[in-house]
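[1] Have a look at this prediction, sequence included:
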Amino acid sequence: MNLIHADVHVEDTCYLNGKITRVHDVLKVVMRKNVTKPVDMRFKITSIHCPTCGGSFDATKNKICPYCSNVYRMEDIDWSVEMLGR
Ligand SMILES: [Zn+2]
């Protein structure tokens, strides 16, 4: 496993005490990569291929393959967010 630590800068618009304010926030993020799997440049979360049966489905809607009922785990395939916070 390979870990990357990064700061993510976000701009947010808040409605607070009757006025709209812009808030700049810095979030800490830790990403994890399964280095045993090669990087797939054509990878799309909405059209993933089941590692068990090869069936294609949308991993944002299904965590279980609709063809073979294999549980799809994002972290087994590529980058995943390990931690997100301040
Ligand atoms: Zn499958």
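    That came through, no problem.
[2] Take stretch 59-72, keep the C-alpha atoms, and write them as CSV.
    Extracted C-alpha coordinates of stretch 59-72, given in CSV (Å, rounded to 0.1, in the frame of the first residue of the first chain):
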residue,chain,number,x,y,z
ALA,A,59,-20.0,1.7,-8.9
THR,A,60,-21.5,5.0,-7.7
LYS,A,61,-24.9,3.2,-7.6
ASN,A,62,-23.9,-0.4,-6.9
LYS,A,63,-21.4,-1.8,-4.4
ILE,A,64,-22.3,-5.3,-5.5
CYS,A,65,-21.9,-6.6,-9.0
PRO,A,66,-25.4,-7.1,-10.5
TYR,A,67,-24.2,-10.1,-12.5
CYS,A,68,-22.3,-12.3,-10.0
SER,A,69,-23.0,-10.5,-6.6
ASN,A,70,-19.4,-10.0,-5.9
VAL,A,71,-18.8,-7.1,-3.5
TYR,A,72,-16.9,-4.3,-5.3
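[3] what does stretch 7-16 rub up against?
    Contacting residues not belonging to stretch 7-16 are listed as 20, 21, 22, 23, 24, 25, 26, 27, 28, 29, 84 [CB atoms under 8 Å, 6 or more residues apart in numbering]. No exception for glycine: its C-beta is placed from N, CA and C like everyone else's.
[4] Okay, and which of those residues map to helices?
    Among the contacts of stretch 7-16, no member is found in helices (DSSP state H).
[5] Out of these, which is nearest to the ion?
    residue 84 (28.9 Å; CB to the ion).
[6] list the contacts for the closest one?
    Taking CB under 8 Å, 6+ apart as the test, what residue 84 contacts is 8, 27, 28, 29, 30.
[7] Which members of those residues occur in strands, if any?
    Within the contacts of residue 84, residues falling in strands by DSSP state E are 8, 27, 28, 29, 30.
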